[in-house]
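Q: kindly return the folded structure for what I paste below:
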Amino acid sequence: MKIRKNDKVIVLAGKDKGKEGKVLLALHDEDKVVVEGINMAKKHQKSRMQSQKGQVVEKAMPIHVSNVSLIDPKTKKPTRIGYEMKDGKKVRVTKRSGEVV
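A: A predicted model of the protein is given here:
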């Protein structure tokens, strides 16, 4: 999976198509990512103490990695990611502008 935590991505498909956000969590085993403010679901939370009330909390749910694309830091448009060797290290490179991510 080429998308990592703290990457800025854009949603390509689904109810939040066109929205941008930062990756909070990358679930490599499931090929999913959790993006800030994307795919929000309401979770009903039970009260933990007598004095506290129950509440409805909005939570960002995972979205499949194929439905998001990295935003090119130079052109601010969606791009694919490739790998190159620079100074003996393997680095991620955007296909659109060739910028190192």
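
Q: what separates the residue nearest the centre of the chain from Gly82, distance-wise?
A: Closest to where the C-alpha atoms of the chain average out (CA atoms, centre = their mean) is Val23, at 3.2 Å. Counting by CB to CB, to the nearest Å, the gap between Val23 and Gly82 amounts to 19 Å. Glycine gets a C-beta too; all of them are placed from N, C-alpha and C.

Q: now Asp72
A: The separation that Asp72 has from Gly82, given CB to CB, amounts to 12 Å.

Q: more neighbours: the two, which one.
A: Each of Asp72 and Gly82 had its neighbours counted (other CB atoms under 10 Å), and the higher figure belongs to Asp72 (20 against 12).

Q: quick one: pLDDT of the closest residue to the more buried one other than its chain neighbours?
A: Using CB to CB, 6 or more residues apart in numbering and skipping the chain neighbours, the partner closest in space to Asp72 is Thr79 (4.2 Å). Each residue has a pLDDT score; the one for Thr79 is 95.

Q: Val101 now?
A: We have a pLDDT of 85 for Val101.

Q: Glu58 contacts Asn39, correct?
A: No. No contact is recorded between Glu58 and Asn39 when judged using CB atoms under 8 Å, the distance being 10.7 Å.
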